[in-house]
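Undergrad: build me a structure from this.
(chains A and B)
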Protein chains: 2
Amino acid sequence: MSPQARAMATRDAIVRGAAVVFERLGYGNASLADVVREADVTKGALYFHFGSKEELAYAVIAEQNRISQLSGKAIVALGRPALETMILLCADLGRQLMHDPVVQAGIRLTTEAASFPPTVLEPYRDWLLVFEDLIHRAIDEGDIRVDIAPDALARFVIPAFTGVQLVAAVFTARQDLLTRIREMWEILLPSVANESRWGQLRALPTLIDAPEAR
Amino acid sequence: MSPQARAMATRDAIVRGAAVVFERLGYGNASLADVVREADVTKGALYFHFGSKEELAYAVIAEQNRISQLSGKAIVALGRPALETMILLCADLGRQLMHDPVVQAGIRLTTEAASFPPTVLEPYRDWLLVFEDLIHRAIDEGDIRVDIAPDALARFVIPAFTGVQLVAAVFTARQDLLTRIREMWEILLPSVANESRWGQLRALPTLIDAPEAR
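TA: Just a heads-up that it's a prediction; the model follows:
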């Protein structure tokens, strides 16, 4: 391994260790000493890469947002209809939240972001833009009703998803998250779907926790 | 003032002071010294009433839940139809979140509750039960469609509200919270409302941020 590759690997290990610590203890309770122990690196290595707990939190959020947006781009690239893509994106982020410690910690830090300045808005903004664009496309494709305002629907779906995953974390450590995301879309779909397409669209939420999608 | 009344007043001042500190700093960053300063009480008075930061957090959550549930009971007692009552309850909690520091801190501590054991479930459970009961009644009253599952709808509306207020806190310090709650109900209503009542029900969300309701 070159020195650069080793430095990158160390930085990665620190970010993953920090994610585990932040998710377990929350931002306020976590200490840099916990991260050093969890990541199995030296204190010097940590301080070489990160100057403070705040910097470390931002690195976890940035890495989570990079992972989630990359995964999202792959789903958009499948070229499925926009409404189906929205549902697949929710299922995908749900699965990341169930299985990836960096995503768990990044989302948690983002929802607790009022705790450390400056406020973290980028991940919300990224998802709002992606969904607003998909809603426009779904209207053009005839799946979403023309009288739905794309900005208002995105401004509800993103926070609603945020709350659904948060409450699932509190009640069941996210074990039932995919079921809750399916129920969310079962409730939303009759409001937003074009009535003339209802026959084709009504089964879309079953994609979320279908066995083959897990 | 009797000694008992003075002790109660001191306890109240500590809980309100703790609420302001928790809301400003988050649970992890807050210290008992901050609370002593904010509440303008002695350290001895604080330790007479509360043994730890955790106890103080639970006291804030309990007081918030008491305030919100009491206010909710007054709204239920108005005897309005159940669907309208659900919408009024969301608007009421929204206004508390905009104006009452104890409610702001209690809800924030509840959403950050994964940070301190044991997990805080009571406030969520109380609201889930209230809404499940109201949804049953709204179905009986003919306002909500009979094919809506009350438990699934409650299991979505409570987390959705949680997420909406959280994202409003992050983006606008909750300045636009009532608008966001209205948009939430404008999106939900076509899914849940009985079609034959649509003419009477469609304007219900305007109750949320109508000037006279502020």
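Undergrad: grab the most central residue of chain A for me.
TA: Geometric centre of chain A, nearest residue: residue A:93, 4.8 Å, by C-alpha atoms, centre = their mean.
Undergrad: what segments of chain A are helices?
TA: Remark: helices assigned in chain A by DSSP state H are A:3-29, A:32-39, A:43-49, A:53-76, A:82-99, A:101-111, A:122-140, A:150-172, A:177-192, A:198-201.
Undergrad: what angle separates the second one from helix A:53-76?
TA: Calculated by axes from the mean of the first three to the mean of the last three C-alpha atoms, to 10 degrees, helix A:32-39 forms an angle of 50 degrees with helix A:53-76.
Undergrad: list the buried residues for helix A:32-39?
TA: A:32, A:34, A:35, A:36, A:38, A:39 (16 or more other C-beta atoms under 10 Å in any protein chain shown). Where C-beta positions appear, they are placed from N, C-alpha and C, glycine not excepted.
Undergrad: and it, C-alpha only, in PDB?
TA: Extracted in PDB, the C-alpha atoms of helix A:32-39 (Å, rounded to 0.1, in the frame of the first residue of the first chain):
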ATOM      1  CA  LEU A  32     -13.000  11.500  20.100                       C
ATOM      2  CA  ALA A  33     -11.600   8.900  22.500                       C
ATOM      3  CA  ASP A  34     -14.600   6.600  21.800                       C
ATOM      4  CA  VAL A  35     -13.800   7.000  18.000                       C
ATOM      5  CA  VAL A  36     -10.100   6.200  18.500                       C
ATOM      6  CA  ARG A  37     -11.100   3.000  20.300                       C
ATOM      7  CA  GLU A  38     -13.800   2.000  17.800                       C
ATOM      8  CA  ALA A  39     -11.800   2.700  14.700                       C
END
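Undergrad: residue of chain A closest to chain B, please.
TA: Nearest residue of chain A to chain B: residue A:28, at 1.0 Å (C-beta to the nearest C-beta).
Undergrad: I'd guessed that residue sits against residue B:26; true?
TA: Yes: assessed by C-beta atoms under 8 Å, residue A:28 is found in contact with residue B:26 at 5.3 Å.
Undergrad: compare those two (neighbour count), which wins?
TA: The neighbour comparison of residue A:28 against residue B:26 (other C-beta atoms under 10 Å in any protein chain shown) goes to residue B:26, with 22 against 19.
Undergrad: the helices of chain A: which one's closest to residue B:126?
TA: Distance to residue B:126, taken as C-beta to C-beta, is lowest for helix A:150-172 among these, at 13.5 Å.
Undergrad: picking that back up, so which of the helices of chain A is nearest residue B:125?
TA: Comparison of those against residue B:125 by C-beta to C-beta identifies helix A:150-172 as nearest, at 9.2 Å.
Undergrad: how close does the closest residue to residue A:179 other than its chain neighbours get to residue A:202?
TA: The spatially closest residue to residue A:179, leaving aside those adjacent along the chain, is residue A:209, at 5.8 Å (C-beta to C-beta, 6 or more residues apart in numbering or on different chains). Per C-beta to C-beta, to the nearest Å, residue A:209 is found 16 Å from residue A:202.
Undergrad: so which of the two has more stuff around it?
TA: Remark: of residue A:209 and residue A:202, residue A:209 carries more neighbours, 19 against 13, as counted by other C-beta under 10 Å.
Undergrad: residue A:136 is in contact with residue A:150, isn't it?
TA: Yes: look at residue A:136 against residue A:150 with C-beta under 8 Å: they come within range, at 5.1 Å.
Undergrad: which stretches of chain A have low pLDDT?
TA: The model of chain A has pLDDT under 70 over residues A:113-119, A:212-214.
Undergrad: just checking, residue A:64 touches residue A:108?
TA: No: between residue A:64 and residue A:108 there is no contact under C-beta under 8 Å: 9.3 Å.
Undergrad: so for residue A:196, what's the nearest residue that isn't a sequence neighbour?
TA: Residue A:196's closest residue in space is residue A:142 (C-beta to C-beta, 6+ apart), at 7.8 Å.
Undergrad: so that neighbour touches residue A:197, yeah?
TA: Yes: between residue A:142 and residue A:197 there is a contact at 6.4 Å, judged by C-beta under 8 Å.
Undergrad: okay, the two: which has more neighbours?
TA: Between residue A:142 and residue A:197, counted using other C-beta under 10 Å, the more crowded position is residue A:197 (16 against 13).
Undergrad: how about the contacts made by that one?
TA: A:142, A:143 (C-beta atoms under 8 Å, 6 or more residues apart in numbering or on different chains).
Undergrad: roughly how far does it sit from residue A:140?
TA: According to C-beta to C-beta, residue A:197 and residue A:140 sit 13 Å apart.
Undergrad: again, but for residue A:24
TA: For residue A:24, the distance to residue A:140 - C-beta to C-beta - is 45 Å.
Undergrad: neighbour count: those two, which is higher?
TA: Set side by side, residue A:24 and residue A:140 show more neighbours around residue A:24, with 16 against 11, by other C-beta under 10 Å.
Undergrad: measure the closest residue to residue A:123 other than its chain neighbours to residue A:58 for me?
TA: Sequence neighbours aside, residue A:65 is the residue nearest to residue A:123 in space, at 4.6 Å (criterion: C-beta to C-beta, 6+ apart). For residue A:65, the distance to residue A:58 equals 10 Å [C-beta to C-beta].
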